[in-house]
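Participant: Okay, structure incoming, though there's no sequence with it:
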Ligand code: ADP
Ligand code: ZN
Ligand code: ZN
């Protein structure tokens with residue numbers, strides 16, 4: 001800004017006449033206001049929250065620039081309503097939000113809004129530092145039988161009865177209880193909720209470790225000493241270690257060193273990975289407080305966690321994707337566990353990738369960053385191979401058994417029961433006989449992926465999407481997994497009236513049913529989104545499974561990733577083929593990662609494991625390479641293919657998506673954008689390719705039509721420039737009937 005007021009010399013800057021404010025709207029610009037009221041002690045600065053009149057509402061915005069002049073005449077400038085902060089939000093945090101907005105071509109106001117905890121968005125003061133304590137109203141309630149039909153609430157009452165002064169929410173949730181139970185007790189007036197301020201002495205001091213670190217094996221020790229070399233600078237490392245090789249132990253000892261320097265550690269884990277066991281591993285090791293940021297927190301708890309990180313009170317912060325926006329007073333390291341996991345990318349609104357932001361942030365803050373995975377993303381692998389990340393390998397498991405090899409099992413021409421063929425069923429029987437647990441992995445919930453008429457070939461399809469309806473039996477209905485549309489299960493074919501309707505293929509419910517019939521004396525646990533809608537249900541199932549009785553676990557990827565299931569000796573993959581021939585360029589990478597992660601559940605403790613992978617394509621060269629030579633071999637081959645095809649990580653992509661209720665509206669908008677972009681690019685079309693428009697792989701979803709346009713460039717800067725231009729063009733040209741978005745570094749092209 002030419003007229004920005006940075007005063008020369010050391011004189012205090014004059015009071016600005018204009019505040020440029022980021023406002024939570026999709027518009028990619030700042031808004032000018034006049035300051036009003038008392039200026040803060042340090043003067044007006046970027047990072048102060050203010051309340052402003054905006055249209056007919058009042059919004060909370062953040063001052064981004066202080067200036068002397070506006071392009072608007074003074075008469076049109078409104079004063080702010082109220083200044084909310086004395087101290088600005090942290091500068092590094094503002095930088096990260098600005099970087100995010102710029103990189104993902106998103107509105108800054110919206111980005112800041114996204115990155116703030118709810119109460120701060122709503123204008124609450126920064127220092128909330130309040131927590132909730134739950135107290136039983138009458139200790140003798142424990143004996144009451146009003147709760148006979150709510151066993152979990154009853155257990156919670158018994159737990160609370162042991163704590164005369166009540167328990168704080170996080171202590172209760174750490175025991176596996178949720179909001180639902182607390183609310184239930186509150187509704188029955190059995191407990192009282194007390195909000196109390198946190199005291200300043202809440203911090204921690206004294207001995208760091210609560211339990212001794214494990215003696216490292218040679219590879220772990222090599223990795224750790226490499227990490228020790230880069231503690232005081234930006235030092236990007238990839239910890240590439242087979243499943244169960246002790247990556248977490250390396251994280252713990254790295255964090256120990258960082259905390260020893262009085263600094264903080266931020267640990268990002270996938271959505272599925274922030275389990276009570278993960279947390280308890282960190283909490284058991286360190287005497288220092290470990291703050292967890294997850295979706296189960298109340299707004300106040302989230303604010304307090306944020307504040308604990310910002311003030312430095314919390315030395316260790318563990319969270320999912322959005323935790324990347326947690327400010328740190330003394331940043332010391334960022335760790336991204338399972339860095340390949342798709343849940344680090346937000347798939348709507350602000351489409352950021354937390355791993356990539358973590359890299360930018362570590363660079364800016366001058367701290368080491370450790371990406372860990374058994375199956376690194378091709379992006380990270382390419383960086384490591386190019387020498388830009390330090391490549392640390394763990395090839396051995398501390399336990400006696402190496403990860404099991406994948407054994408491919410030919411499905412062709414074999415009769416199936418619940419998706420399983422006779423030799424696999426025999427292998428399951430043997431594993432159970434040897435007192436093991438068996439994990440049957442099937443990435444489809446429901447009973448069957450579709451319902452078909454054997455007379456006329458009719459197949460149940462969603463009325464609103466280009467997709468089939470999944471048959472569910474518990475309760476019986478047809479469900480579209482893309483739009484959640486439901487219909488009752490028909491008794492007769494809607495097309496020809498025949499009663500010969502049959503399920504096609506198997507989902508988790510069907511495998512569960514088959515296994516329960518085949519093995520009537522063995523418990524079968526089904527773990528998918530349907531069976532674990534309540535969080536406690538999932539924790540209860542896991543507790544049951546960890547007791548180690550021989551049992552059958554049927555589950556989707558919910559079960560296949562991250563969980564330590566020490567008693568599993570056999571893993572069965574019902575069908576490995578979905579990702580092999582999918583059109584999406586990342587499908588193979590993702591399904592290879594998933595297969596290896598699933599396989600890694602087998603034989604993690606003292607017994608060797610087996611992994612049987614059913615497939616219709618036992619000769620598929622990719623699958624063979626994965627089975628015979630492992631993930632790394634396949635990954636390096638995929639990298640070569642990506643290079644030849646001009647795909648990430650060798651080129652950078654941005655995907656513009658257009659959607660409308662009328663097909664031609666979406667198509668015309670995409671065509672207009674494509675034409676405009678090609679014209680603007682002119683001769684630069686050798687540097688930035690503009691491809692499409694093409695219909696999305698599933699063109700109709702929820703009655704809306706989806707069309708896409710892609711930009712592809714070898715240089716990030718060129719992609720960036722073209723993306724910024726395209727966003728500006730779409731903002732000004734798009735019709736109200738069309739919704740559009742731009743996805744930088746898209747994870748899928750659907
Ligand atoms: P990863 O994170 O690589 O999947 P974990 O850190 O969960 O692996 O380690 C797998 C198992 O090995 C855990 O039970 C862990 O306690 C154990 N382990 C890790 N490092 C060592 C070591 N140096 N000595 C003995 N056991 C170890
Ligand atoms: Zn029919
Ligand atoms: Zn649908």
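Facilitator: Alright, I've got the coordinates. Everything numeric in this text was worked out from a predicted model, so none of it was measured. Numbers count the residues shown, from 1 in each chain. Ligands and ions are numbered 1, 2, ... in the order given.
Participant: so which helix or strand takes in the closest residue to ligand 2 within the stretch 551-700 of the chain?
Facilitator: Ligand 2 sits closest to residue 700 of the stretch 551-700 of the chain, with a gap of 23.1 Å, by C-beta to the ion. (Each C-beta comes from the backbone N, C-alpha and C, glycine too.) Of the helices and strands defined by DSSP states H and E, residue 700 is found in strand 688-701.
Participant: So in that sheet, which strands flank the helix or strand following that strand, and in what orientation?
Facilitator: Of the helices and strands lying after strand 688-701 in sequence (DSSP H and E), the nearest is strand 704-713. With DSSP bridges as the test, strand 704-713 is paired with strand 652-660 (antiparallel), strand 688-701 (antiparallel).
Participant: Could I get the ones you listed in a markdown table, plus columns for mean pLDDT, mean neighbour count and distance to ligand 3?
Facilitator: Rendered in a markdown table, the data for the strands paired with strand 704-713 read as follows (pLDDT from 0 to 100; neighbours: other C-beta atoms under 10 Å; distance: least, C-beta to the ion, whole Å):
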| stretch | mean pLDDT | mean neighbour count | distance to ligand 3 |
| --- | --- | --- | --- |
| strand 652-660 | 96 | 22 | 14 |
| strand 688-701 | 92 | 18 | 7 |
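Participant: any low-confidence regions in this structure?
Facilitator: 1-13, 127-131, 139, 141-144, 196-206, 400, 535, 562, 604-605, 734 (pLDDT under 70).
Participant: What parts of it come near ligand 2?
Facilitator: Taking C-beta under 5 Å from the ion as the criterion, the neighbours of ligand 2 within the chain are 453, 455-456, 458, 493, 495-496, 498.
Participant: between these, which is nearest ligand 3?
Facilitator: Minimum distance to ligand 3 across the residues of the chain next to ligand 2 is 17.2 Å, recorded for residue 458 (C-beta to the ion).
Participant: now that closest one: how far from ligand 1?
Facilitator: When C-beta to the nearest ligand atom, to the nearest Å is applied, the distance between residue 458 and ligand 1 equals 47 Å.
Participant: So which residues on this structure come close to ligand 3?
Facilitator: Looking at ligand 3, the residues of the chain close enough under C-beta under 5 Å from the ion are 462, 464-465, 480, 482-483, 485.
Participant: my guess is the residue of the stretch 551-700 of the chain closest to ligand 2 meets residue 466, correct?
Facilitator: Yes: counting by C-beta atoms under 8 Å, residue 700 sits close enough to residue 466 to count as a contact (4.7 Å).
Participant: Just want the residue of the stretch 301-450 of the chain that's nearest ligand 3.
Facilitator: Residue nearest to ligand 3 within the stretch 301-450 of the chain (C-beta to the ion): residue 450, separated by 12.9 Å.
Participant: What is the neighbour count of that residue?
Facilitator: By the measure other C-beta atoms under 10 Å, the count of residues near residue 450 is 19.
Participant: now swap in residue 587 and tell me
Facilitator: Residue 587 is surrounded by 17 other residues when neighbours are defined as other C-beta under 10 Å.
Participant: Next: residue 257.
Facilitator: When neighbours are counted by other C-beta under 10 Å, residue 257 comes out with 16.
Participant: Could you do residue 296 as well?
Facilitator: By other C-beta under 10 Å, 15 other residues sit near residue 296.
Participant: isn't it right next to residue 178, touching?
Facilitator: Yes: if you go by C-beta under 8 Å, residue 296 and residue 178 touch, sitting 6.6 Å apart.
Participant: Residue numbers of the stretch 351-500 of the chain in contact with ligand 1?
Facilitator: Residues of the stretch 351-500 of the chain found near ligand 1 (C-beta under 6 Å from any ligand atom) are 398-399.
Participant: Which residue ranges of the stretch 351-500 of the chain form helices?
Facilitator: Assigned by DSSP state H, counting those that start in this stretch, the helices in the stretch 351-500 of the chain fall at 354-365, 378-385, 422-433.
Participant: Now that we have those, can you turn them into CSV and tack on mean neighbour count?
Facilitator: Written out in CSV, the entries for the helices of the stretch 351-500 of the chain read as follows (neighbours: other C-beta atoms under 10 Å):
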stretch, mean neighbour count
helix 354-365, 20
helix 378-385, 21
helix 422-433, 16
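Participant: want to throw the ones you listed into a markdown table with distance to residue 162?
Facilitator: Listed next are the helices of the stretch 351-500 of the chain as a markdown table, based on distance: least, C-beta to C-beta, whole Å:
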| stretch | distance to residue 162 |
| --- | --- |
| helix 354-365 | 39 |
| helix 378-385 | 47 |
| helix 422-433 | 39 |
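Participant: From residue 582, how far off is residue 329?
Facilitator: Distance check for residue 329 against residue 582: by C-beta to C-beta, to the nearest Å, it reads 45 Å.
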